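Trainee: Structure for this input, please:
(2 chains)
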Protein chains: 2
Amino acid sequence: MSLRDTRVTLAHGGGGTAMRDLIEEVFTSVFAPEMMEDQARLMDAALQEPGARLAFTTDSFVVDPVEFPGGDIGTIAVCGTVNDLVVGGARPLWLSAAFIIEEGTEVALLRRIVGSMQAEAEAAGVRIVTGDTKVVGRGMADKLFVTTAGVGVIPPGRNLQAGHIRAGDVVLVNGVLGDHGAAILAARGDMALSVDLVSDCQGLGHLMEAVLAAAPGTRAARDATRGGVASVLNEMAAAAGLAIEIDEAVLPLRPEVRGICEILGLEPLYLANEGRMVLVVPEAEAEAALTAMRARPEGVGAVAIGRVLSGRAGQVTMRTLFGGARIVDMLVGEQLPRIC
Amino acid sequence: MSLRDTRVTLAHGGGGTAMRDLIEEVFTSVFAPEMMEDQARLMDAALQEPGARLAFTTDSFVVDPVEFPGGDIGTIAVCGTVNDLVVGGARPLWLSAAFIIEEGTEVALLRRIVGSMQAEAEAAGVRIVTGDTKVVGRGMADKLFVTTAGVGVIPPGRNLQAGHIRAGDVVLVNGVLGDHGAAILAARGDMALSVDLVSDCQGLGHLMEAVLAAAPGTRAARDATRGGVASVLNEMAAAAGLAIEIDEAVLPLRPEVRGICEILGLEPLYLANEGRMVLVVPEAEAEAALTAMRARPEGVGAVAIGRVLSGRAGQVTMRTLFGGARIVDMLVGEQLPRIC
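Mentor: Here you go, the predicted model:
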């Protein structure tokens, strides 16, 4: 019962012995779910605490290319779903992982991606407990799509929500923006951009717990993935019926990311991140939150980028380097397809 | 904020306003999740009962064609994940739904599929509480792939497992076999098969609760999807270290399904089902289980097809119509790609 094939065939999705071998050798031997009988049977004491709530989220990942500097589709499939849970105040517990594989995909590539997923899961303290594999014919998918779902527990009393932000609150981010989007763009190669950019993909669970310990009044958090920081700020402002103003002068951007954006006419605030979150905290706790973040590798570049104002409901503005102000809208149309 | 487009474009996956409009108009307006802030925050009293366990499962669906007699990719995405939970003894509570959409897919098709999903979810008593949408370029996916994950609760004391089956137990199925696989095959049209076959896709939660009430000693259940009844029986026999013998004369098969299998040289025991399960019950409870099943529309065709024996560990055999016996192996290779 050994997987001799070097590439995935349709038989690996057929429900028979080839599929069993692929699943056992490539997936469950690495993820090692404890109770695999087609489904996971689980419990965690934290879920049974009175007042605890269950958080449940999902994301499909279709990033192109599937491997890039700083990670691969597996890394972001784990980090993305972990971070979705984390920004809601949940402690991530369990993940599912479903793979749609194009016939002809190299088994070695799958193994690398599964390895990345397990490494990220271990770093985040979550377990990949259930999964699925489908194979489609050549040309019917682009190599590999991964869909993860995540279950976590929100401890009693925690209630982060965009609707909770108030005028005077401070807007924080945990590091430089846009590295993931710019790194993917550069990795595609079709722009002949020669930069050494690495995706920012990382799990944010430990950072979030540190922030909540230091700044228990934290109002809301969101991971700034597709649509970037601009979209998160717009959604938060809309949900709260308040305005948000950010300051261009303090936006943390690498010179390489700035350069790519200038060359290609992109707005860095719309670039996708896979390890960056926007946090809104009461002014009195902003310093404590920043200090807690900067003490951790995931938050070493944390800065305050703006403030919540009682101005026009739902409006996000940026004070520009030249002393003016401009509206930062939600992304209209589409900036970079298949960024995650 | 109205979706004027009739086809999905890359902008609908970009994280901006077009994506928000698509999600709001096509998905959340139908699924109506109560707490949508990028993730669901949930609790159910049954989960907090001492001894309760959480069941968690996922499946990707890549069926071709996406619409077929008796259902569509949305129907099976809900039924499949619900049934995965149900056969483990869980009461399904919540589903996630992630969509990978090929650019150019008709919005009207998405609306039909979302409608099917909501209808099946309501019938099964589950809520679709969180989701995701990605768009890939033309030719990078085949119309639409759907991945669902499901969370359910296994009440205290329930412990269905293939490893629990014993010699003398009776093997039941809840109706005719292979309708789904044969209906998909016919729907593809490339065989010029003119039959009126309808997929068997349906949720099995209510049926399972009826069986467990009537036959509380039920050992194990499995939904017979990819790989069909043959694969389920082989997995059960292997898990228990026992033999299973089934009787060809009593296998419930429609004449049309028999006919398609004869023409194409397929084995009906390997055909996929999306609303059929294999149940193993103690002999003393077999009649009660059958009676309970036949009282419900999902189980009206329920029959006993075989028995667990203490013979060769892991071996599944079939007594043939001609009085002989033959081994029913796991499917080797691949019978029908993209059947679910």
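Trainee: pLDDT averaged over whichever strand or helix holds A:Ala238 - what is it?
Mentor: A:Ala238 is part of helix A:228-240 when elements are defined by DSSP states H and E. Averaging pLDDT along helix A:228-240 gives 96.
Trainee: Check which helices and strands it sits against.
Mentor: strand A:220-223, strand A:243-247, strand A:277-281, strand A:303-309, strand A:316-319 (3 or more Cβ pairs under 8 Å, 6 or more residues apart in numbering or on different chains; DSSP states H and E). No exception for glycine: its C-beta is placed from N, CA and C like everyone else's.
Trainee: same thing but at 7 Å, please
Mentor: strand A:220-223, strand A:243-247, strand A:277-281, strand A:316-319 (3 or more Cβ pairs under 7 Å, 6 or more residues apart in numbering or on different chains; DSSP states H and E).
Trainee: Relative to chain B, which of these is closest?
Mentor: strand A:220-223 (7.0 Å; Cβ to the nearest Cβ).
Trainee: on that earlier part again, can you add mean pLDDT and give the helices and strands packed on helix A:228-240 back as JSON lines?
Mentor: Compiled in JSON lines, those are given as follows (pLDDT from 0 to 100):
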{"stretch": "strand A:220-223", "mean pLDDT": "97"}
{"stretch": "strand A:243-247", "mean pLDDT": "98"}
{"stretch": "strand A:277-281", "mean pLDDT": "98"}
{"stretch": "strand A:316-319", "mean pLDDT": "97"}
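Trainee: Mean neighbour count, the ones you listed: which tops it?
Mentor: Comparing these by mean neighbour count (mean count of other Cβ atoms under 10 Å in any protein chain shown), strand A:277-281 ranks first with a mean of 28.
Trainee: at contact distance from chain B, anything in that strand?
Mentor: No. Applying Cβ under 7 Å from any Cβ of the partner chain, one finds strand A:277-281 separated from chain B by no less than 11.7 Å.
Trainee: Stretch A:140-149 now?
Mentor: Yes. On the criterion Cβ under 7 Å from any Cβ, stretch A:140-149 is in touch with chain B at A:Met140, A:Ala141, A:Asp142, A:Phe145, A:Thr147, A:Ala149.
Trainee: Now name the helix or strand holding the fifth one.
Mentor: In other words, A:Thr147. Going by DSSP H and E, A:Thr147 is in strand A:144-154.
Trainee: Give the pairing partners of that strand; include direction for each.
Mentor: Next to strand A:144-154 in the sheet, as set by DSSP bridges, lie strand A:53-61 (antiparallel), strand A:91-102 (antiparallel).
Trainee: Could you dump those into a markdown table with distance to B:Arg226 and mean neighbour count added?
Mentor: Shown next, in a markdown table, are the strands paired with strand A:144-154 (distance: least, Cβ to Cβ, whole Å; neighbours: other Cβ atoms under 10 Å in any protein chain shown):
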| stretch | distance to B:Arg226 | mean neighbour count |
| --- | --- | --- |
| strand A:53-61 | 20 | 26 |
| strand A:91-102 | 14 | 25 |
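Trainee: Highest neighbour count among the residues of stretch A:140-149 next to chain B?
Mentor: Counting neighbours by other Cβ atoms under 10 Å in any protein chain shown, A:Thr147 leads the residues of stretch A:140-149 next to chain B with 33 neighbours.
Trainee: Number of residues surrounding the closest residue in space to A:Leu251 that isn't next to it in sequence?
Mentor: Take A:Leu251 and drop its neighbours on the chain: the residue closest to it by Cβ to Cβ, 6 or more residues apart in numbering or on different chains is A:Ile305, 6.0 Å away. Close neighbours of A:Ile305, defined as other Cβ under 10 Å, add up to 24.
Trainee: just A:Gly323 next, same as before
Mentor: 7.
Trainee: so which of the strands paired with strand A:144-154 comes closest to B:Gly14?
Mentor: Closest approach to B:Gly14 among those is made by strand A:53-61 (14.5 Å; Cβ to Cβ).
Trainee: Is A:Ala238 in contact with A:Gly314, as I believe?
Mentor: Yes. A:Ala238 lies in contact with A:Gly314 (Cβ atoms under 7 Å); the separation is 4.3 Å.
Trainee: lowest confidence element among the helices and strands of chain A?
Mentor: strand A:40-42 (a mean of 86; mean pLDDT, DSSP states H and E).
Trainee: Given it, what are its sheet partners and their directions?
Mentor: strand B:53-61 (antiparallel).
Trainee: which other residues reach the strand it pairs with?
Mentor: A:39-43, A:47, A:94, A:96, A:98, A:100, A:129-132, A:134, A:147, A:149, A:151, B:47, B:73, B:76-77, B:80-81, B:84-85, B:88, B:90, B:145-154, B:340 (Cβ atoms under 7 Å, 6 or more residues apart in numbering or on different chains).
Trainee: Please parse chain A into its domains.
Mentor: A:10-154, A:162-327 (automatic domain parsing).
Trainee: Out of those domains, which is the most enclosed?
Mentor: Highest mean neighbour count among the domains of chain A (mean count of other Cβ under 10 Å): domain A:10-154, a mean of 22.
Trainee: The helix holding A:Ala238 versus strand A:277-281: what angle between them?
Mentor: 40 degrees (axes from the mean of the first three to the mean of the last three Cα atoms, to 10 degrees).
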